[in-house]
Structures are given as structure tokens and as C-alpha cells.
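> give the three-dimensional model of this entry:
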Amino acid sequence: MAAPEHTLPPAWPARKPRLLLVDDQPVQLQVLYRALAGEYQLFMATGGEQALKVASEQLPDLILLDVVMDGLDGFEVLARLRQQRETADIPVIFVTAHGGGDIETRCLEAGAVDFISKPINPSVVRARVRTHLTLKFQSDLLRALAYVDGLTGVANRRQFDQRLAIEWARAQRHGTALSLILVDVDHFKAYNDHYGHQAGDDALRRVAACLREHVRRSTDVVARYGGEEFACLLPDTDADDARALAEALLAEVRAMGIPHRQGGDGGVLTASMGVATRRGPAHPGWQPALLLGLADAQLYEAKRLGRARVCAAVLGQDD
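Numbering: from 1, shown residues only. Reported below is the predicted structural model:
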């Protein structure tokens with residue numbers, strides 16, 4: 001027996017999938033909306049420029065895109081989506097009244113995953129949307145497994161580097177704040193030497209779980225940066241909020257009470273943290289490495305001053 005339509009296929013997220021519906025005819029948008037309402041979180045755009053803006057802000061899981069529109073047509077919109085790193089992998093289904101093999105071939109060659117003819121058949125639309133979301137989420141799951149640190153379960157360095165590039169580009173484009181916390185477990189070599197590598201691995205897992213528990217927004221990233229270092233990437237987070245979070249993390253790591261008699265502050269495992277923030281309008285000469293370098297410099301300063309503390313700075317701002 002076929003599974004009920006509301007049953008989530010394997011690899012689907014618990015949240016409602018996000019769909020972006022794009023058509024310059026409001027009547028056609030309403031037809032699509034009625035076909036898909038209820039099971040999905042729907043966003044709508046009535047033109048190409050608006051579609052690009054919504055796609056960049058909302059990062060939908062799938063886009064249903066009209067081909068023929070005033071201003072930017074569907075092909076131009078798709079080409080620009082592919083040029084932006086954060087939207088390049090969003091699957092697109094073209095929807096158009098122009099049938100025939102030539103237009104269908106052109107749609108697929110442009111990079112669309114499917115093609116739906118108008119007037120739409122709601123059941124066909126629902127079936128194709130569901131199929132392509134399933135493929136998308138399966139691909140996301142495989143990609144996520146490749147981007148997870150095997151020891152701690154948080155993001156690995158590869159995922160961190162990619163997300164830093166994406167969030168940096170977004171912050172530059174929109175003039176929003178972006179903060180980074182680098183976390184270094186204090187005297188970890190001494191901990192490993194005294195308690196053994198198995199205990200060291202367990203300590204790293206506990207620190208990672210602590211960071212993940214308290215860095216809670218879906219847009220934030222907690223990653224193992226290397227060895228006993230972790231990174232917390234915080235989009236849309238200003239300097240004061242980033243420092244406050246780092247201070248809270250500092251206290252939470254200490255509060256775990258992991259014994260460390262070989263260099264820990266107060267006999268327990270602690271961490272040092274360096275915080276860096278970029279804010280304000282885009283600066284053409286800035287690159288993500290500047291934010292990373294500033295956070296690393298602040299981490300070095302925290303360790304120089306005695307460890308188990310937070311040091312912070314704002315990119316481009318004198319101390």
C-alpha cells in the first residue's frame with residue numbers, strides 16, 4: 001500500500017520544507033499556492049528581481065519558477081541563482097505555458113531539475129515537488145555526513161570554511177554583522193598526557209556538546225576547527241552579543257567541572273576564546289581571512305593574559 005501523503009520520506013527534516021513560487025501573474029501564483037498550501041512553508045515572488053532577493057534571504061528548499069516574465073525571465077533568474085554560492089544548489093522546476101520539446105530541452109539544459117506545463121495539474125505538481133524534495137534532502141544528508149567531524153559530531157573544518165565564505169559574502173552584500181568565536185581548550189596537551197587520549201577525546205566531545213547546546217540558532221555554526229580548537233560562526237551577530245555569548249560559553253565549559261589537575265584553572269578544564277566581528281557596509285578589500293586572523297589574534301591574546309578568558313575586537317576598529 002502506498003504511504004500516506006503526509007508521511008515524511010527518509011532524510012526529510014522535521015520542519016516544513018520551504019518553497020518559493022515565482023510567477024508574474026497573481027492568478028497563476030494563487031493556483032500554485034492552493035495546490036501546495038498546508039504541507040509546505042510557501043514564499044511568493046511576482047518578478048525575477050524579487051525572486052532573487054527572497055531566495056537569498058529565505059534559502060528555499062525548492063523553487064517553482066515561471067519561464068516567461070516581464071523584466072528578468074526564468075532563464076536569467078536561474079543563471080543568477082547559480083552565480084551566488086548560497087543559492088547555487090537550490091533545485092528549480094520551471095513552470096510555463098510554452099510546451100514542446102524545444103522549450104523543455106532548453107529548460108533542462110539551463111539547469112532546471114524538471115519542467116511543468118500550464119495549466120497545471122495540482123496532483124502532478126504535488127508529486128513532482130515531493131519527488132525533487134526527497135532527492136534534495138537525500139543529497140543534503142549525504143553532504144552533511146561528509147561535513148561532520150567524526151569525533152565530536154559538530155561541523156568539520158571543510159564545512160566551516162564553506163559556511164564562512166557564504167556568510168562573509170552575505171554580510172558584505174547586505175552590510176550586516178558577522179561574528180566569529182575561536183575556542184581553544186586550555187592546557188589540552190597536559191590533559192592528554194595525564195589522563196590519556198581516551199579521556200581527552202571524551203573531553204573534546206563534552207566541550208563540543210556544550211558549545212552546540214548554547215549556540216542555538218539554526219543559522220549559527222559550531223565546528224571543530226582543528227585539534228582542541230573549535231569555531232562558532234555567528235551571522236547577524238554584533239560585537240556586544242558575540243562577546244556576551246563567548247563569556248557565557250566560557251562559564252558553561254567551566255561549569256561542566258571536568259577535572260584537570262595539570263594546568264586547569266581551579267582544577268577543572270577551561271577554555272580561552274577569541275572573538276572577532278565585522279560590521280557595517282561592504283568593504284571591497286576585505287576577505288574572510290581577515291575575520292579569521294583577527295579572531296586568532298584575540299585568542300592568542302587571551303592565552304597570553306593567562307587563559308580561561310575572552311578577548312574581542314572589531315574588524316577595522318582600533319583597540
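> and the helix or strand bottoming out on mean pLDDT in the chain, what other elements does it pack with?
Sorting the helices and strands of the chain by mean pLDDT, DSSP states H and E puts helix 101-109 at the bottom, at a mean of 82. Here helix 101-109 touches strand 92-96, strand 114-117, going by 3 or more Cβ pairs under 8 Å, 6 or more residues apart in numbering; DSSP states H and E. Backbone N, C-alpha and C define where each C-beta goes, glycine included.
> reformat those strands as CSV; add mean pLDDT, mean neighbour count and distance to residue 284.
Listed next are the helices and strands packed on helix 101-109 as CSV, based on pLDDT from 0 to 100; neighbours: other Cβ atoms under 10 Å; distance: least, Cβ to Cβ, whole Å:
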stretch, mean pLDDT, mean neighbour count, distance to residue 284
strand 92-96, 93, 23, 30
strand 114-117, 90, 18, 39
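> and those strands as a markdown table, adding distance to residue 139?
What follows is the helices and strands packed on helix 101-109, written out as a markdown table (distance: least, Cβ to Cβ, whole Å):
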| stretch | distance to residue 139 |
| --- | --- |
| strand 92-96 | 15 |
| strand 114-117 | 15 |
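> can you say which of those strands is nearest to residue 226?
strand 92-96 (36.6 Å; Cβ to Cβ).
> I'd like the distance between residue 160 and residue 106.
38 Å (Cβ to Cβ, to the nearest Å).
> higher neighbour count, these two?
residue 160 (25 against 16; other Cβ atoms under 10 Å).
> surely the more buried one is in a strand?
No. The assignment for residue 160, made by DSSP: H, G, I helix; E, B strand; the rest coil, is helix rather than a strand.
> residue 232 is in contact with that one, correct?
No. Counting by Cβ atoms under 8 Å, residue 160 sits too far from residue 232 to count as a contact (9.8 Å).
> returning to that earlier point: give me the contacts around the least confident helix or strand of the chain.
Around helix 101-109, the neighbours that count as contacts under Cβ atoms under 8 Å, 6 or more residues apart in numbering are 67, 75, 94, 96, 115.
> which pair in those residues spans the largest distance?
75 and 115 (12.5 Å).
> which residues do residue 160 and residue 232 both contact?
221, 223.
> just say helix, strand or coil for residue 65.
strand.
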